[in-house]
Each structure stands twice: as C-alpha cells, then as structure tokens.
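[1] fold the following, please.
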Amino acid sequence: MCGIAGYFGSRGLSQSQIRRALNCLRPRGPDMEGAVGWDSLGHFVDTEKGLSDSPMPFTRVLIHTRLSIFDLSMAGRQPMSDRNGNWITYNGEIYNYRELRTELESLGCHFRSATDTEVILAAFEKWGSSCVNRFNGMWAFVIYSHSSRLAFCSRDRLGVKPFYYTRTDDGGFSFSSEIPSLLELLQRPARIDPVKLADYFIYGRTDDTRETMYSGVRELRGGHNGFLNIDTMEWQEERYWDLPEEPDLNLSDGAALDRFSAIFEDAVKLRLHADVPLALTVSGGIDSSVVAVAAAQSGLRPTLFTSHFPAFPAIDESDYAKRVARHLDLPHILVAPDLSNLLEDAGELSRAQAVPYGSLSLYVHWAILKEIRKQSIPIVLSGQGGDEVFFGYERYYVAHWRSLFPRIPAMLAAWKGMAQRSRLGSLESILFLVYFGLPGLQWLRRRYQVSKAVSKDLLSRASSMPDRLPSGRRDLQRQELQFVNLPRLLRYDDRTAGAQGMETRLPFLDYRLVEFAHRLPWHMFFRDGWTKYLLRGYLARHGLNEIAWRTHKLGFDAPTEKWTEGLLANNWKEYGQTDFARDILKPGKNPVQWPAQVRWDVYNGCEMAWLYNWQLTGS
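    Just a heads-up that it's a prediction; the model follows:
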C-alpha cells in the first residue's frame, strides 16, 4: 500500500500544499516519502534535497508515500526515475515482476534495485502504454516524461488500487490515491453532489460511475489508461482491458476443477511473495477458506485471523474458521470487536473512507486488520471478490432462475434446491425471487423508507435507476464486477487497509481467474440449489466437506443495529445538528423512529459531513 498524488498546471503548488498532501497520505505509506517538482522555469527539485530550494511554485509535481514490500532499502524510494528522464509515482504490486524483469534483462535492460517499480519503468520504456497488458497485479501509477511532455496514467484491470483526479481552477490536472488528499493538495472545500447523495440514500450507490460524490472529482476506472498532454492539458482515457467475449468453455466437472485449481493456486502463490510477513483473514465461509487451502498448498504457514462475537452467537462463525485452521494445521487468532472499541475507532474509520459505507461489518474488517498490524504484519490475503466472480450472493439466484425459463420443471427444481440449500425457506424463497426480480419494487420500498428521514427536496434529485434486470449471466457478472458491487467493496478494503499502513491482496481478482470464470456456464456456479458450486468442489477435494456444503453463511457480519444505537447515543447530538444535517433531514424526527438500515445510512452520512465539513453543491 502506498499513496500517490500529483499536479500539472500553470498556477503551481506551494511547498505547504505539497506537505499537506504528504501528511494526508502518510498513513498509506508510513515507511518512506518523497516528492519531486519542476517550477515554471523548468528547474527540478527533489524533496530529498529540500523543497525550500525553489522559491517559485511548482507547476509539475509528483508525490509519494511508501509502504515497503519489495526491496526495503532506499533504492525503492519514490518518485523514481530511469536513465531516460521518465519519473513514476506508483501504488500497488506487480506480482509477476520477477518474470518480467528476466525478460527485460534479456532485452538489454539493467536494474539498480529489486523493486517492481523499476520494472514498470523499464517495461514502459520498451513497450510503451501496452506494457500494462503484461502486468499481473494491482496498480495505480503516473509516469511523467519531461522530454515528451506527457503523463501516462494507468489503473489495474478491476480497479483494486484507487485513482482519483480533478481539473483545477487554472485548467490543470491533479490526481491522488484518496479524495481528502486531493482536496488538501488544492485547498478545495468538500462540495457534495446532491444527485449522488440522493442516489446513495435511495439506491446505496456510491462507486458505480466515473463521477464521485465529491463535485468535480472523478475516478479513472479499472481497466483504463489516461493520457495527459502537459502543454495543452488535454486528457484522454482509453480502455485497455475488458471481460472476454469468447464462447463459454465446455468442460467436465473434473476438468473445470483442475483448471480452476491451477489458476487459483498460482494466483495465491504469486500473492504470497513479499519481503515482509503476511497473514490471511478467514471468516469460515467458502471464499476465504479456498484462499487458506491454496495458501497451505504453497508450503507457507501464514496465521489466520477471524472475528469472534461471544455476545452475539447468531453471527459468530468463528467455529467454522477454527475447523479450517485445524484441518490445515495453521496458526489461528480470534479478534473480538465490540462497541467500546467501535466508539474509539469510528471517527478514524469514517475519516479514512471519506464516503459513506453500507454497514458496520466494515468495522469488523477494521478491527481484524488493526490486530494484524499490531503484530507487525503489513500484508493480508483475503477472499474479497469471490462472490462477484463466482456468484455467491443469494440474490444471484434470480438471474439463474430466470435463465431456466420457459423450462418450468427446471425452474421448480431450482426453487426447491434454493429453499433447501440456502438460509431461505420455501415461502421466503418465493418472496425473495419476486422482490429481487423486480428492481422497481426495491427502489420504491427503499425510497419510502428513506423518506421517513431525508427531505423530499433532496430525494427528488435522485437519478433514474433502470428497472431492467441484467440480460444474462455475463451481463450480470459485468455489472457486479465493474459497476455495482465490487468497486464499492474495493474502496472499503483499500481505505481500511491504507489507514493502518497495510496492503490487502485479492487472489480472486487475478485477471486470469476472472476471465476463466466469465466463460463458465451456469451449472458451474449453481447446481441443485448450491451457489459457487465449483469452489465448493475445490474445498471438498481438499477434505473440507463441512465447510464446502454449508447452507448458512454470513461473512464478516456485525451487530449493526445494536452498534448503531450506541453510536447515535454517543454522537448524534453533534452530528445531527450541523447545517448539512438540517439541510437534508426532515425536521423534528427522532432517529429511533427510522428503519434500521436508514438509521445507519443517515448517521454515517451526517458523520462524514461533520468530519469533512461537507457542503451541498448549489445550496
């Protein structure tokens, strides 16, 4: 995990602005920091020699804070340059950098460090912007060529690493890993788009488009490159990767499982390489257990960490995680988040996110990472992405069920299997299929619930959400991976880890695995009422039948309703009395009267507004 930021423009940045951005990004990169700049006369300054060497504003700036993972020496310091005058500021990991380095050395390249950063620079010099097609990893970087007057920007295929940017008042361009550091860099207030805010309250959408909740701040989406002409400030984006369009694979169960095992175990093996210790988060569910099994196949013995709720046994899955740890003979540590810890950490968690988050299950993740970091472990592997890639959520039953139409016997069999092998009963399954099969009904219900708390004026600004369901399996997977669900979860994951100076690695988002899964037919995902059928087969193959054939799964759940009550009692008098809260809420309403999810969403939104002094655009 590192932090990047930068600026290209005519007005320039002062030394204090650069220092503020460095301070804001320091939690992401606690081990090392640096900045390089050029003033309007073209004079170059490196912060290693002191920003004060130039009295003039910097019209081109690259900023970096480093969490050291590969080559812990000063040779890995960024921003880094090559012999041709190209400069890079980079956040992420290129997992196949050793193989690429060997190839580049055969082409005559020479290296001064053992970092993947230097491999990116050499790859760019040899192959230009197409170099990213050779990378297997997660990244967000900017390469600035002083001679060609071009800044090349890139974000990994699925957007694991963040990249925010904005156009500045002088027509320039600024970017950062996080929105707060971008605002600090430009000394810009936190102006909130009322349309995006209303969309959050009604639809729960925050990260589904290029536009963010902060007015004027955009994302470079996953799978895209950006090109900035420094002289004209013209910005262009291009997609360099997308989900494959090749036909479905025709594989037997055994062949599909063999192919999955080979790809996934290699993905995990690549992500286990580091010059520092690492751990695994394991909930006791399918995805994280699959990661643990694959990690054990590598011969390493990483420690597993799991949440534990003695006071809330209905959401405590630690017993299943214990079984995984015993089966694999791996060390295992339980973490017990509670309300008292939450009250201490909530402000820091929300400040790190800077955008509302869907539930307090995120605090469970925070508490686990905090405990891992206390043990001087900066890297964590998790099962994030498994549900989106292999259709793990129960709402995906609807798309599979619809795909069987008009084969009524098959539809009835699928409904029966769903009722037997999920946490839903027969009647609940029917209601579930109807509710999630009618998006318009979901939005109407949600709007009605939110209207108990949020003003009619704000809700009227919400965008129109399409009522149509995805046209098929591939359309659904594209929607979940690139727009609706995964981008939001990746933001949660990145900010939570970044705030604690950590890095999370996600083997389910290895692009080879995603492309493979995109070409699998429905029966590899859903069969006899089971979701994620192929992953369950992997666990069964490795002797974990009791995990493989579980019917009730929660994930890193939390007692959100109880915890929200505690937060409201502790903080609402402060958060609920701001000008922002008065602008968006109905007067005289008591949060206790609101539906539970609305209570959390409104509290969290008002908390963000208090922390960042939000101002509604146009108000």
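[2] tell me which element the closest residue to His332 other than its chain neighbours falls in.
    Closest residue to His332 apart from its sequence neighbours, by C-beta to C-beta, 6 or more residues apart in numbering: Ala325 at 3.6 Å. The way it works is simple: take the backbone N, C-alpha and C, and place the C-beta from them, glycine included. Taking DSSP states H and E as the definition, one finds Ala325 inside helix 318-328.
[3] can you name every helix or strand that that helix contacts?
    Applying 3 or more C-beta pairs under 8 Å, 6 or more residues apart in numbering; DSSP states H and E, one finds that helix 318-328 makes contact with helix 286-297, strand 303-307, strand 332-335, helix 545-548.
[4] can you add mean neighbour count, mean pLDDT and distance to Asp510 and give these back as a markdown table?
    Formatted as a markdown table, the helices and strands packed on helix 318-328 follow (neighbours: other C-beta atoms under 10 Å; pLDDT from 0 to 100; distance: least, C-beta to C-beta, whole Å):
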| stretch | mean neighbour count | mean pLDDT | distance to Asp510 |
| --- | --- | --- | --- |
| helix 286-297 | 25 | 96 | 11 |
| strand 303-307 | 24 | 97 | 21 |
| strand 332-335 | 17 | 97 | 25 |
| helix 545-548 | 18 | 96 | 22 |
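[5] could those be laid out in CSV, adding distance to Asp275?
    Supplementary listing: the helices and strands packed on helix 318-328 in CSV, determined by distance: least, C-beta to C-beta, whole Å:
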stretch, distance to Asp275
helix 286-297, 18
strand 303-307, 18
strand 332-335, 23
helix 545-548, 32
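[6] mind saving the C-alpha coords of stretch 35-46 as PDB?
    Provided in PDB are the C-alpha atoms of stretch 35-46 (Å, rounded to 0.1, in the frame of the first residue of the first chain):
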ATOM      1  CA  ALA A  35       8.200  14.500  -3.900                       C
ATOM      2  CA  VAL A  36       9.700  15.900  -7.000                       C
ATOM      3  CA  GLY A  37       8.700  19.100  -8.800                       C
ATOM      4  CA  TRP A  38       9.500  21.400 -11.600                       C
ATOM      5  CA  ASP A  39       8.900  25.200 -11.400                       C
ATOM      6  CA  SER A  40       7.700  27.300 -14.300                       C
ATOM      7  CA  LEU A  41      11.300  27.800 -15.500                       C
ATOM      8  CA  GLY A  42      11.800  24.000 -15.600                       C
ATOM      9  CA  HIS A  43      14.100  23.900 -12.600                       C
ATOM     10  CA  PHE A  44      13.900  20.500 -10.900                       C
ATOM     11  CA  VAL A  45      13.700  20.000  -7.200                       C
ATOM     12  CA  ASP A  46      13.800  16.700  -5.200                       C
END
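[7] contacts for that stretch?
    Contacting residues not belonging to stretch 35-46 are listed as 10, 12-13, 18, 22, 34, 47, 51, 53-54, 56-64, 79, 87, 146 [C-beta atoms under 8 Å, 6 or more residues apart in numbering].
[8] ok, stretch 19-30 next?
    1-5, 33, 35, 51, 63-67, 91, 176-178, 180-181, 184-185, 352, 498-501.
[9] just to check, Pro277 is in contact with Leu381?
    No. At 11.9 Å, Pro277 does not count as touching Leu381 under the criterion of C-beta atoms under 8 Å.
[10] more crowded one of those two?
    Set Pro277 next to Leu381 and count neighbours by other C-beta atoms under 10 Å: Leu381 wins out with 24 against 13.
[11] re earlier: buried among the contacts of stretch 35-46? Need that as a selection in PyMOL.
    Entered in PyMOL, the line below selects the buried ones among these, by 16 or more other C-beta atoms under 10 Å:
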select buried, resi 12+13+18+22+34+47+51+54+57+58+59+60+61+62+63+64+79+87+146
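[12] re the thing from before, Trp572 is nearest to which of the helices and strands packed on helix 318-328?
    Closest to Trp572 of the helices and strands packed on helix 318-328, according to C-beta to C-beta: strand 303-307, at 26.2 Å.
[13] got the buried residues for the host helix or strand of His365?
    If you go by DSSP H and E, His365 is part of helix 361-374. Within helix 361-374, the residues that count as buried by 16+ other C-beta under 10 Å are 361-373.
[14] give me the contact list for the helix holding Ala325.
    Residues contacting helix 318-328 (C-beta under 8 Å, 6+ apart): 282-285, 288-289, 292-293, 296, 304, 306-309, 330-332, 334, 543-544, 546-547, 550.
[15] just want the angle from that helix to helix 286-297.
    Computed with axes from the mean of the first three to the mean of the last three C-alpha atoms, to 10 degrees, the direction of helix 318-328 lies at 20 degrees from that of helix 286-297.
[16] in helix 318-328, what's buried?
    Quick answer for helix 318-328 (16+ other C-beta under 10 Å): Ser318, Tyr320, Ala321, Lys322, Val324, Ala325, His327, Leu328.
[17] could you check how far the last one is from Ala367?
    This points to Leu328. With the distance defined as C-beta to C-beta, to the nearest Å, Leu328 ends up 23 Å from Ala367.
[18] what packs against the least confident helix or strand in the chain by mean pLDDT?
    Here the helix or strand of the chain ranked lowest by mean pLDDT, DSSP states H and E is helix 426-436, holding a mean of 72. Applying 3+ C-beta pairs under 8 Å, 6+ apart, one finds that helix 426-436 contacts helix 397-403, helix 408-421, helix 439-450.
[19] what's it in contact with?
    Against helix 426-436 from outside (C-beta under 8 Å, 6+ apart): Glu394, Arg395, Tyr397, Val398, Trp401, Trp415, Met418, Ala419, Ser422, Leu424, Leu441, Gln442.
[20] 7 Å instead, please
    Contacts with helix 426-436, where a contact means C-beta atoms under 7 Å, 6 or more residues apart in numbering, come from Arg395, Tyr397, Val398, Trp401, Trp415, Met418, Ala419, Leu424, Leu441, Gln442.
[21] contacts only, for the last one.
    By that I understand Gln442. Per C-beta under 7 Å, 6+ apart, neighbours of Gln442: Tyr435.
[22] go on, the fourth one?
    Residues counted as contacts of Trp401 (C-beta under 7 Å, 6+ apart) are Met411, Ala414, Trp415, Leu433.
[23] switch the cut-off to 6 Å
    Ala414 (C-beta atoms under 6 Å, 6 or more residues apart in numbering).
[24] residue boundaries of the strands in the stretch 1-150 of the chain?
    Applying DSSP state E, counting those that start in this stretch to the stretch 1-150 of the chain gives strands spanning 3-13, 32-39, 44-46, 58-66, 80-81, 86-94, 137-145, 150-155.
[25] mind putting those strands in TSV, mean pLDDT included?
    Below are these laid out as TSV (pLDDT from 0 to 100):
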stretch	mean pLDDT
strand 3-13	94
strand 32-39	92
strand 44-46	80
strand 58-66	94
strand 80-81	96
strand 86-94	97
strand 137-145	97
strand 150-155	98
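[26] would you mind finding the most buried of the ones you listed?
    Compared across these, strand 58-66 shows the largest average neighbour count, a mean of 27 (mean count of other C-beta atoms under 10 Å).
[27] that one vs strand 86-94, what angle?
    30 degrees.
[28] who are the packing partners of strand 58-66?
    strand 3-13, strand 32-39, strand 86-94 (3 or more C-beta pairs under 6 Å, 6 or more residues apart in numbering; DSSP states H and E).
[29] compare the ones you listed and give me the one nearest Glu265.
    strand 86-94 (18.3 Å).
[30] break this protein into its domains for me.
    Per the record, the chain has its domains at 3-239, 248-577, by automatic domain parsing.
[31] wait, a strand at Leu476?
    No. Leu476 sits outside any strand when classified using DSSP: H, G, I helix; E, B strand; the rest coil, being helix.
[32] contacts only, for it.
    Contacts of Leu476 (C-beta under 6 Å, 6+ apart): Ala399, Pro470.
[33] before we move on, what about the one 5 residues further on?
    Each residue near Leu481 by C-beta under 6 Å, 6+ apart is listed here: Glu388.
[34] next one: it from Asp287, what distance?
    Taken as C-beta to C-beta, the span from Leu481 to Asp287 is 15 Å.
[35] before we move on, what about Arg11?
    Counting by C-beta to C-beta - Arg11 and Asp287 are separated by 48 Å.
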